[in-house]
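> Below is the structure, and that's it, no one-letter string:
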C-alpha cells in the first residue's frame, strides 16, 4: 500500500468516526425515547400512562437503564416504575403500602412509643419483603420486585367505617393480580386478599401460591438482651396448638401440617399473618445479626396457601401489642402469643393471677400499687400454708435440745442409727420433720409462675413507680459502662433491695427453724445468685419479690405472737407420754424412712 492510499483510508475513517460522534442522540433524546417505549408498554398492558409532570417529579428507586426486552416480557410494564406510597390509617395504626411489591412497607402503632419516646414502627422499608413467585412461560415473576398501581390515595378510617385500597399488577387490561387491603375504623387488623383475574391460562399451577414473608424486628425497648430473648417466630398449628421455634439461637423449622397463623413476635409487639383455611406447608427461619444493634432478629416464613373456590387467597394481618386483653377478642388463639409459662405455671397465671390482675386494673391505680395489692391478696390466700409451715418449724426448734442429746449419746459415726433415733423421737412427739417444707414446696410453683408472668405483662411497659421509670425493664441505679461478669453493665436498685430482703428473710428463717451447721450458711448463697440472675429482669418482678419478703416478715411477726413455744413443748411432752397405738397406720413418709434405714443397716452389716 503506497503512502497516498494509506492517507486516503485514514481520512475516510476519521470522517466516519466524526459523523458517529456528532450525530449521536443526546441524553435527553435517549431518555425521551425510553419514556415513549415505556408509555407504549403501559398502554398495551391496559395501564394509564403517567402524566408529563409526574414523570419529571416522581422519585425513582434507582437510576437504571430500561430493559426493553423485559418490557416486552409478560407483566413487562411492571418491571419499571416509581415507588409511591399509599397510607391507610385509623385510630390505632398507620400502615404505609408501597407500589413496589404492592406490599406493606411499614407499620406505625400510633398509641405507643419506643423506650426513647420515638414513634413505634414495627418494621420499615427494605428490611421487609412480602410476595410470591410464579412462572409465565419462560419468565419468572417475583411480585415483591414489581410495580403495582394503586386504586386510591391516602385513606383515614374512623368509627365503624371500613375502607379498601387495591394494588394492581397488570398483565393486560382484563388480566391482572389484585392485592386488596381493607382497614376498619378501629383495631389492629388489616384485611388482605390476593385476587388473580383472567390468568388461569397464563400462570401455570396457580391452584396454590408460595408466599415469602420476611422482616427484621426493630429495637423498641431499652435492653437489647431480653428483647432478643423474647423475639422469634410463633405459629398456631391446627390440631396441635400454639408453639414457637427457638428463642435462644438461630433456628429453622419445616412444618407439613396446616398453620392457622404465623407470627413474627417481638417482646411486646407482633406482626401476624392469618388465614382461615390454613397454610398447608411452611418453612420458618429466625436468625440474629449481633453486629446490628438496631435490629433484634431477622425472621422469615415461606408459606403455601391454596386457592379458595372463588379464586382468591384471603388472609389478614395483625399488627399490634402482645397484650392478653387485646388479643383475646380476636380468633384463632392469638392471645397465646402472651407466654404465661408451661404446665401448672401456665394454669396458675392464666386462671388465677391474670384474672385478679385484670380486676385490680379496673380501679385505675398506679401499677406499683396494683402489684402491691396483688401481692397482699396472694399472701392472704397462702397464709394458712405459711402458718402451718411456721408451726412445724417451731416444733422442730423446740425438739432441738432433745435431738442434740440423742446426737451426743449415739454420736455422728453411725448416721443410720442416729436417723432412726430421730424418727422415734418424731413419732413420739407427733412431729413431721417435713411439715415446714411441704407448705413452702406447694407455694413454689406460684413463685415461679410470677417469674414468667411479669416479663410477659404488656401492661407494665412504660409504667413508672417511685424511681423506676419502666416496670417492664430493669432500673439502672448504677451504669458501669462496661459489662462485668455475673452482674452486667448496670446495677438495679430494686434487685439490690430484693436481695437484701431475701438475706434478712433467710437469717430470720434460720432462727425460726433452728437450723445449724453448713445448712445455716447454704441459704445465704441463693440470694446472691439471684442478684446476678435477676439484675437484668423487669423491676416490676424484683419489686414483687421484695414486697413478698416484706409481707412474709409481717406474717411471721404476727404468727409469732400467736404461737407460744412453751405450749408447743408441753403438747409434745403430752404426746410422748401417750402409748403407741399398734393399730395406727404409719404415714407414707415414716414407712419409707424406716425401710430406708433398714436397707442402710443391712448394707453397713455386709461391709463389716
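All right, it came through fine. This structure is a prediction, so every number in the text was calculated from the model and none was measured.
> by contact count, what packs against the helix or strand hosting residue 302?
Residue 302 is located in strand 295-306, with elements delineated by DSSP states H and E. Judged by 3 or more Cβ pairs under 8 Å, 6 or more residues apart in numbering; DSSP states H and E, strand 295-306 is in contact with strand 208-218, helix 224-229, strand 232-237, strand 259-265, strand 269-279, strand 281-287. To be clear about C-beta, it is placed using only N, CA and C from the backbone, and glycine gets the same treatment.
> between the following helix or strand past that strand and strand 295-306, how many degrees?
Sequence-wise, the next helix or strand downstream of strand 295-306 (DSSP H and E) is strand 313-321. For strand 313-321 against strand 295-306, the angle by axes from the mean of the first three to the mean of the last three Cα atoms, to 10 degrees is 160 degrees.
> Quick check: neighbours of strand 313-321 in the sheet, parallel or antiparallel?
Strand 313-321 sits in its sheet next to strand 189-197 (antiparallel), strand 269-279 (antiparallel), going by DSSP bridges.
> can I get those strands in a markdown table with mean pLDDT, mean neighbour count and distance to residue 303?
Output for those, formatted as a markdown table (pLDDT from 0 to 100; neighbours: other Cβ atoms under 10 Å; distance: least, Cβ to Cβ, whole Å):
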| stretch | mean pLDDT | mean neighbour count | distance to residue 303 |
| --- | --- | --- | --- |
| strand 189-197 | 96 | 19 | 12 |
| strand 269-279 | 95 | 22 | 4 |
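> Turn those into a markdown table, including distance to residue 504.
Below are those laid out as a markdown table (distance: least, Cβ to Cβ, whole Å):
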| stretch | distance to residue 504 |
| --- | --- |
| strand 189-197 | 50 |
| strand 269-279 | 39 |
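> Of all those strands, which one is nearest residue 302?
strand 269-279 (9.5 Å; Cβ to Cβ).
> Let me see the ranges of the strands in the stretch 351-500 of the chain.
For the stretch 351-500 of the chain, applying DSSP state E, counting those that start in this stretch gives strands covering 476-484, 488-492.
> what about the longest one, average pLDDT?
If I follow you right, that is strand 476-484. In this model, strand 476-484 has a mean pLDDT of 85.
> quick one: low-confidence parts of the stretch 151-300 of the chain?
Across the stretch 151-300 of the chain, the ranges flagged by pLDDT under 70 are 290, 292-293.
> Let me see the contact set for the closest residue to residue 387 other than its chain neighbours.
Spatial nearest neighbour of residue 387, excluding adjacent residues (Cβ to Cβ, 6 or more residues apart in numbering): residue 559 at 5.6 Å. Counting by Cβ atoms under 8 Å, 6 or more residues apart in numbering, residue 559 touches 386-387, 390-391.
> that older thread, put together a markdown table for the strands of the stretch 351-500 of the chain, with mean neighbour count and distance to residue 287 on each row.
Shown next, in a markdown table, are these (neighbours: other Cβ atoms under 10 Å; distance: least, Cβ to Cβ, whole Å):
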| stretch | mean neighbour count | distance to residue 287 |
| --- | --- | --- |
| strand 476-484 | 11 | 23 |
| strand 488-492 | 20 | 24 |
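> Let's have those strands in a markdown table, adding distance to residue 112.
Output for those, formatted as a markdown table (distance: least, Cβ to Cβ, whole Å):
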| stretch | distance to residue 112 |
| --- | --- |
| strand 476-484 | 22 |
| strand 488-492 | 24 |
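> which one of these lies closest to residue 221?
Closest among the strands of the stretch 351-500 of the chain, using Cβ to Cβ: strand 476-484, at 13.3 Å.
> ok so, going back, any idea which of the contacts of residue 559 is closest to residue 77?
Of all the contacts of residue 559, the one with the least separation from residue 77 (Cβ to Cβ) is residue 386, at 75.5 Å.
> how deep is that closest one tucked in, by neighbour count?
19 (other Cβ atoms under 10 Å).
> Read off the pLDDT value for it.
Residue 386 carries a pLDDT value of 83.
> Also residue 381?
Looking at residue 381, the pLDDT reads 89.
> Please report the distance of it from residue 450.
According to Cβ to Cβ, to the nearest Å, residue 381 stands 14 Å off from residue 450.
> got it, and residue 459?
Residue 459 is 14 Å from residue 450, by Cβ to Cβ.
> Which one's more surrounded, the two?
Using other Cβ under 10 Å as the criterion, residue 459 and residue 450 rank with residue 450 on top: 24 against 18.
> Quick one: residues contacting the more buried one.
With Cβ under 8 Å, 6+ apart, residue 450 has these contacts: 353, 541, 544-545.
> so who does residue 257 touch?
By Cβ under 8 Å, 6+ apart, the contact set of residue 257 is 237-240.
> Can you select the buried ones among those for me in PyMOL?
PyMOL command restricting the contacts of residue 257 to the buried ones, with burial defined by 16 or more other Cβ atoms under 10 Å:
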select buried, resi 237
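> which of the contacts of residue 257 lies closest to residue 212?
residue 237 (19.9 Å).
> Isn't the closest one up against residue 243?
Yes - between residue 237 and residue 243 there is a contact under Cβ atoms under 8 Å: 6.6 Å.
> mind checking how far the closest residue to residue 150 other than its chain neighbours is from residue 247?
Using Cβ to Cβ, 6+ apart and skipping the chain neighbours, the partner closest in space to residue 150 is residue 86 (4.8 Å). Taking Cβ to Cβ as the measure, residue 86 falls 35 Å from residue 247.
> So between these two, which is more surrounded?
Neighbour tally, residue 86 and residue 247, criterion other Cβ under 10 Å: the higher count belongs to residue 86, 22 against 17.
> Could you check how far that one is from residue 447?
Residue 86 is 51 Å from residue 447, by Cβ to Cβ.
> Check residue 339 too.
Distance from residue 339 to residue 447, by Cβ to Cβ: 18 Å.
> neighbour-wise, which of the two wins?
Per other Cβ under 10 Å, whichever of residue 339 and residue 447 has more neighbours is residue 339, with 19 against 13.
> The more buried one is in contact with residue 453, isn't it?
No - counting by Cβ under 8 Å, residue 339 stays clear of residue 453, with 9.8 Å between them.
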